[in-house]
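# After the sequence you'll find the predicted model.
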Amino acid sequence: MSQLPPIEPDLNEAAAGAGLGAAAPADQQSNFELKEVEGLSQGRIVMRRFLRHRGAMISAAILLLIVIAAFTSEGIDAAGIKIPGWWPYNYTELTTMHGSGAPSWQHPFGEDSLGRDMFAIVMRGCQQSLMIVFIVGVISLVIGVIIGAASGFFRGWIDTILMRFTDIVLIIPLIVLTATLGRRYGAHGSLILAVVLGLASWTALARLVRGDFLSLREREFVDAARVAGASPWRIMMVHILPNAIGVIIVNTTLLMSATILTESAVSFLGFGVQAPDVSLGSVIGQYQTAFQTRPWLFFWPAAFIVIISLTINFIGDGLRDAFDPRQKRALNKAARKAATAAREKARAGASAVDQTA
Amino acid sequence: MLTFLSRRLLASIIVLLLASYLVYILSANAGDPLEELRTSTAKNREALIQQRIQQLGLDIPTPLRYFLWLGGILKVFVGHFTLGDTISGTPVTSAVGSAAVVTIQLIVASVVLAIVFGILIGITTALRQYSGYDYTVTFLAFLFFSLPSFFIAVVLKAYVGITFNNYLGDPHVSWWAYVFIPLVIGAAAAGVSGGTRKFRWITFAVATAATLAVVAFVAATNWLVTPTLGAADIVLVAIVATAIALLVTILNTGLQNRKALYSALTAVAVGLVLYFPFLSISNQLNVWTVLLLGVVTIAVGALIGYLYGGFDRRQSMRNGAIVAFTTGLVIVISRFLRSWNDYVQYVANGRPIATVGSGTPNLNDISTSFWIHGIDTYTHLLLPTISLCLISIAGYSRYMRSNLLDVMNSDYIRTARAKGLNQRTVVMRHAFRNSLIPLTTIVAFDLGALLGGAVITENVFAWSGMGKLFTDALRRVDVNSLMGYFVVAGVAVVVFNLLADVAYSALDPRIRIAA
């Protein structure tokens, strides 16, 4: 133990108290990280960890690429605003068929049985699916946080009523709720559908936020704020919410990756986005039987669903790691090297002790 | 405990009632139940419309019609339980009943398999944390999370089912099967085994060679077409059963516990002795006698362990019972395989892997044999089960991994190590059992959700279970059917949530339910 480089007294004590070589490196590591992030705000630390998460950054880049491609290629056609895109074909336009419609230079993703360009359809589907995911995320975030925060903070009868209400929504299987609402509102356009899906998906988030608020409201800094005369609103917004933000962001991200699957499942069953508009799920549902003979009708939209869901999942994972205070793997190279060296040294020391004993 | 349960039950009933009201309103407003009649060209259209309105009470406003429906349920107390009529005039109760049976058939196998494989993968990845194996499995788990279930189902149906059936028509093992299957299995075995570099290479070589031998055997004997060697089957059964017995013993007690090892081997030997007698009576068996035999087998295994005795009798008994069960399972599978050829030729017309439906229609006309029926169920279950399994396995394995990692870092594991227990005892006796506790909750939730039907899977594979009932009802705005579906699904969720709570407090003494 004496070979260890000098570290802060409390950590030193902990390492010596554990008495085993295995306990020392972990403290070592956190110590290195402590030095590295000295003087940075919590937000900066989280940001830094996230930016260093390779999987999350690659995923973010790919997702950004898909978003840009989807919205510039087909242009925007929503709420009366029409901006044409750079792709020559429209997703409703019938082009001349080339043979079986297999992928070619003119139609890189192929054509469907009517001669519509598949790239245009897939990009339009991506637009719709991404937009739905985003709106569902925002709506669930708002409802979930408000309900969760109110019931966790005020407890008592407000909590009982809000949580029983959450139970009522939760007990209805998500696919049932979304499909039933989709059957009614799907034909009114995907914007309405997105809002409706959002109204059905907030329950898990509300429960998590409630749990976080329940434990945070018992902490000393909340007591201090209350003694200082802060209003409940201020305590929630300024003192508790920033501490719960990790849970909220991570779970909203994961909710969004689940939403793309829910939306595509509902559209696949025919209760979601309705023709002539398309989403990735509805394209697959429409062409699932044709895919023995024309696999490109099936695999392109499926590939985009998988890529979008996978990238959002990885981003969520990166965020979780970034917000996790126990996380120790985001050291920079130099620190990691030093930690390894210290660990080796400690191990050598421990085995030396073994031999003498 | 009783107060807690009754309180929870009461709250759940109220929640169910309110939720059912919500679902009723939503589904009644989902569309027009008269749509198909309005567009029909039948001469008596108006009369049909009037008849349906009368029958379903469509002239009553929805918020009130709900109470009529609820009244039907409440009549359970006077013995006239009804869930109303479907849109085509048949009682909902019978439709829901048959759908529920189909769904239970569908999910049981997939849940069991998902638990077994999820636990296996979770444990191995946790014990080899941050290894190449761990990263690969983590990536695959993420991938399966992100795959829409209909994608897996459609791909399985089109490629696995049809490719395998084509292969049976022309049994020829191509070169890539010789290369890739052994290499993948070898790499997985090396990843799981851990240890020094040299040890991992040895594992890799042994596993690859063994798999290569199996592939060569399959190709040489056309195993997948006629999976039986006649009387020589007993040699195969002996090899497989002994291998399983050794594996179980290594994990359960370690090979140095001789009495446990001998009980396991004796159980295998007894099974082999009874192999031919079993075959001779097997044609008279049915589901219940086979199950009964299974129970007897386990008892015999335990008895063998008991007779070996020793300082820790219970270990030998447990080991004997598990191995007796696995040996019995191998023998039963072997018996099934003997009927495979008949099934393929006479029932399935050479294309055994079914992609549609839950059973061959009118199978009883062809054969009433338990073994043929078993194979028929199996071939119909195979693809839907795989597609349901893959996603659950991804979830369970991740969950199990983090549980086991949590447990392995806890103080009592350090204590167990400090008192000199070996790795097997620490992992299998101390860590594994405790890491299972949180999994029971997740499994209970999943079961509750799955009883509501695997909506997508049932639709793709055309199983007429709960999920299909729901989508059909929604498509036709058949409110009573949809409510019948919701009653089963909602009650399942409530009951299994309650079970999860009870199981958790029973298994983990640290959790005490406040009465």
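Thanks, I have it.
# what's stretch A:145-156 in contact with?
For stretch A:145-156, the surrounding residues in contact (Cβ atoms under 8 Å, 6 or more residues apart in numbering or on different chains) are A:158-159, A:162-163, A:165-166, A:202, A:205-214, A:217, A:232, A:235-236, A:240-241, A:248. From N, CA and C alone the C-beta is placed, and that goes for glycine too.
# swap the cut-off to 10 Å and go again
Contacts with stretch A:145-156, where a contact means Cβ atoms under 10 Å, 6 or more residues apart in numbering or on different chains, come from A:158-166, A:202-217, A:222, A:232-233, A:235-237, A:240-241, A:244-245, A:247-248, A:252.
# For chain B, tell me which of the residues you listed show up nearby.
Applying Cβ under 10 Å from any Cβ of the partner chain to the contacts of stretch A:145-156, one finds that A:160, A:163-166 fall near chain B.
# Out of the residues you listed, name the ones that lie in helices.
With helices identified by DSSP state H, the entries of those that belong to them are A:160, A:163-166.
# What's the local residue count around residue B:176?
Residue crowding around residue B:176 was assessed by other Cβ atoms under 10 Å in any protein chain shown; the count is 8.
# What about the closest residue to chain A within chain B, how many residues nearby?
The minimum distance from chain B to chain A, using Cβ to the nearest Cβ, falls at residue B:146 (3.7 Å). Taking other Cβ under 10 Å as the criterion, the count of residues near residue B:146 is 24.
# Also residue A:66?
Counted with other Cβ under 10 Å, residues neighbouring residue A:66 total 17.
# for the one 3 residues further on, same thing?
Taking other Cβ under 10 Å as the criterion, the count of residues near residue A:69 is 18.
# which residues does the closest residue to it other than its chain neighbours contact?
In space, and not counting its chain neighbours, residue A:69 is closest to residue A:123: 6.7 Å by Cβ to Cβ, 6 or more residues apart in numbering or on different chains. Under the criterion of Cβ under 10 Å, 6+ apart, the contact list for residue A:123 reads A:66, A:69-75, A:85, A:87, A:89, A:91, A:109, A:117, A:278, A:300, A:304.
# which SS class is residue A:123?
Per DSSP: H, G, I helix; E, B strand; the rest coil, the secondary structure class of residue A:123 is helix.
# Before we move on, what's the pLDDT of it?
Per-residue pLDDT puts residue A:123 at 90.
# From residue A:115, how far out is it?
17 Å (Cβ to Cβ, to the nearest Å).
# Kindly report the same for residue B:254.
On the measure of Cβ to Cβ, residue B:254 and residue A:115 end up 68 Å apart.
# Please save the CA atoms from the one helix or strand residue A:191 maps to in PDB.
Following DSSP states H and E, the helix or strand that holds residue A:191 is helix A:190-200. Output in PDB follows, covering the C-alpha atoms of helix A:190-200 (Å, rounded to 0.1, in the frame of the first residue of the first chain):
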ATOM      1  CA  SER A 190     -49.800  12.000 -38.800                       C
ATOM      2  CA  LEU A 191     -49.600  15.200 -36.700                       C
ATOM      3  CA  ILE A 192     -52.900  14.300 -34.900                       C
ATOM      4  CA  LEU A 193     -51.700  10.700 -34.700                       C
ATOM      5  CA  ALA A 194     -48.500  11.900 -33.000                       C
ATOM      6  CA  VAL A 195     -50.400  13.900 -30.400                       C
ATOM      7  CA  VAL A 196     -52.700  11.000 -29.700                       C
ATOM      8  CA  LEU A 197     -49.700   8.600 -29.300                       C
ATOM      9  CA  GLY A 198     -48.100  11.100 -27.000                       C
ATOM     10  CA  LEU A 199     -51.200  11.200 -24.800                       C
ATOM     11  CA  ALA A 200     -50.900   7.400 -24.400                       C
END
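# could you flag which of the contacts of residue A:123 are buried?
With burial judged by 16 or more other Cβ atoms under 10 Å in any protein chain shown, the buried subset of the contacts of residue A:123 is A:66, A:69-71, A:73-75, A:85, A:87, A:89, A:91, A:109, A:117, A:278, A:300, A:304.
# out of those residues, who's nearest residue B:347?
The nearest member of the buried ones among the contacts of residue A:123 to residue B:347, counting by Cβ to Cβ, is residue A:300 at 38.3 Å.
# Now for the closest one: which residues touch it?
If you count contacts by Cβ under 10 Å, 6+ apart, then residue A:300 has A:103, A:108-110, A:118-119, A:121-123, A:125, A:280, A:283-284, A:287 around it.
# again, 8 Å this time
For residue A:300, the contacting residues are A:109-110, A:118-119, A:122, taking Cβ under 8 Å, 6+ apart as the criterion.
# swap in residue B:405?
Counting by Cβ under 8 Å, 6+ apart, residue B:405 touches B:126, B:129.
# Low-confidence regions, chain B specifically.
In the predicted model, chain B carries pLDDT under 70 at residues B:79-80, B:453, B:512-515.
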